[in-house]
Each structure stands twice: as structure tokens, then as C-alpha cells.
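[1] need a 3D model of the sequence below.
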Amino acid sequence: MTDSQRDTRGLYFEEFEIGQKITTGGRTITEADIVAFAGLSGDYTAIHTDAEYSRTTPFGRRVAHGLLGLSIASGLAVSTGFLEGTVLAFRDISSWKFSLPIFIGDTIHVVMEIEETKALPRLGGGSVVITLDVRNQDDKTVMKGRWSVLIKNRP
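    Residues are numbered from 1 along each chain as shown. From the prediction side, this is the model:
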């Protein structure tokens with residue numbers, strides 16, 4: 001089956017509009033997430049993995065890895081379907097800022113806004129710059145930044 005014959009859920013480059021907003025569903029961060037991420041990444045820093053040590057820090061409890069939060073935000077963004085079958089490449093992450101800690105039991109979601117589009121005809125698509133605002137259950141920003149993705153043109 002060719003790409004033009006299948007049912008594509010994602011948006012094509014021409015369908016992205018500056019100012020367009022997409023909000024993901026939520027995802028609760030668990031202890032299992034932190035343990036699995038520590039094992040995968042090799043980052044066993046005590047603030048993430050040692051409950052007793054973490055009580056002595058300014059946060060008073062374990063904090064999820066910042067990159068775990070970023071990874072989950074990525075999964076939440078993809079789960080919306082707007083990139084499904086149309087993304088050609090993830091190009092970069094810029095201006096990423098970790099603003100507040102994410103704790104075990106926090107539920108995060110992502111508010112995305114299309115900031116910029118640029119046609120790249122020789123690549124068969126265009127660049128889409130998306131701002132991401134990762135928020136917790138209290139609607140406070142825990143991290144934010146910009147992604148650039150290459151999206152294919154409509155067949």
C-alpha cells in the first residue's frame with residue numbers, strides 16, 4: 001500500500017496554521033516510570049531514586065528526571081495523532097526550560113501551538129515549529145520549549 005492510498009491520521013504540512021493549538025490528554029507520573037527511566041538512561045541520581053535522601057532536599061521528595069518529563073511530553077504529543085503518518089523527521093528542540101519539578105503522582109499534559117511554518121519543496125514537505133507548554137494538574141508550567149519537525153506535503 002502506498003502512502004497516498006492509506007488513511008493518514010496526521011496533518012499534512014499545508015494543514016498547519018500559525019496560532020493553531022492542540023492540547024493532549026493527561027498522563028500521571030508513577031514511581032515505576034522513574035525506576036524504568038533510571039534503568040534505561042543509567043541516571044540513578046539520588047534526587048530521583050532515593051526517598052530518604054530526597055527528603056533532605058528543598059523539594060522534600062523524589063523528583064522525576066527532567067528528560068523523563070520531556071519524553072512523556074513527546075509521547076503525549078504523538079498520541080494526539082496530528083503527526084501520525086505525516087512526520088518525516090524530528091529536527092530540533094530549542095529554548096527548552098525546566099521550570100518546576102514533576103513529582104510522583106503529578107499528572108501532566110501538553111499545550112502545543114504552531115508558531116511557524118516554512119515550505120521546503122526539495123524535501124517534499126515543510127518545517128513546522130511548535131511551542132510546547134507542559135503543565136501539571138494545577139495547570140502550572142513545569143517545562144516548555146520549541147520543537148521543529150519536518151512534515152510531508154499532501155500527496
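[2] so where is the chain shaky, pLDDT-wise?
    Applying pLDDT under 70 to the chain flags the ranges 1-8.
[3] and the strands in it?
    All strands of the chain, identified by DSSP state E, fall at 21-23, 27-28, 87-98, 107-120, 125-135, 141-152.
[4] report the inter-axis angle for the last one versus strand 125-135.
    Computed by axes from the mean of the first three to the mean of the last three CA atoms, to 10 degrees, the angle separating strand 141-152 from strand 125-135 equals 160 degrees.
[5] buried ones in strand 141-152?
    By 16 or more other CB atoms under 10 Å, the buried positions in strand 141-152 come out as V142, M143, K144, G145, R146, W147, S148, V149, L150, I151, K152. C-beta here means a position set from N, CA and C on the backbone, and glycine is covered the same way.
[6] give the contact list for the nearest residue to F82 once chain neighbours are set aside.
    Nearest in space to F82, with sequence neighbours left out and distances taken as CB to CB, 6 or more residues apart in numbering, is L11 at 5.1 Å. Each residue near L11 by CB atoms under 8 Å, 6 or more residues apart in numbering is listed here: F82, L83, T86, I151.
[7] for the third one, give me phi and psi.
    Spelled out, it's T86. phi -120, psi -10 (degrees, to the nearest 10).
[8] surely it touches V149?
    No: contact criterion CB atoms under 8 Å: T86 and V149 do not qualify, at 9.4 Å.
[9] what about the residue nearest to L100 when sequence neighbours are not counted, distance to Y12?
    In space, and not counting its chain neighbours, L100 is closest to V142: 4.5 Å by CB to CB, 6+ apart. As judged by CB to CB, to the nearest Å, V142 and Y12 stand 31 Å apart.
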